[in-house]
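Undergrad: Take this sequence and fold it.
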Amino acid sequence: MQNQKLSFVSKEQLLEMMENKENFKLVEVLSEKSFSEGHLPSAINIPAEQIEGKADALLPDKSQAVVVYCSSFTCSASTGAARKLQEMGYKNIFDYKGGKGDWQAADLPLVR
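TA: The predicted structure is shown next:
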């Protein structure tokens, strides 16, 4: 299978998707502890190491857009999770590289 290109979204693109109520899933790939300490609005939690075991149940529509994120630009968990989801047959995967750090730096709210 040919590698799909990885697509990245910016904070502004993600905000636009949220504002327009686009049909997508937002997935934090950090630990459950990190997720419970604060996550982006409407996000669900699938820790990166659990993607293979949980994605089919939590993300049943493989054509739906999925945005994954982790802690910051230097965190590689979201990129790894995005590639894993692509390998599993998901078609519309986006990586929000800035993650939680970028979100908070812009004074945007986390859900606790």
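Undergrad: now the strands for the chain?
TA: Listed in chain order, the strands found in the chain under DSSP state E are 7-8, 24-28, 44-45, 65-69, 93-96.
Undergrad: Am I right that Gln4 is in contact with Gln86?
TA: Yes. Gln4 lies in contact with Gln86 (Cβ atoms under 8 Å); the separation is 4.8 Å. Any C-beta I mention is one placed from the backbone N, CA and C, and that applies to glycine too.
Undergrad: ok, those two, which is more surrounded?
TA: Gln86 (18 against 15; other Cβ atoms under 10 Å).
Undergrad: From Tyr90, how far off is Pro41?
TA: Look at Pro41 and Tyr90: by Cβ to Cβ, to the nearest Å, they are 22 Å apart.
Undergrad: the more surrounded of the two?
TA: It is Tyr90, of Pro41 and Tyr90, that has more neighbours when counted by other Cβ under 10 Å, with 21 against 11.
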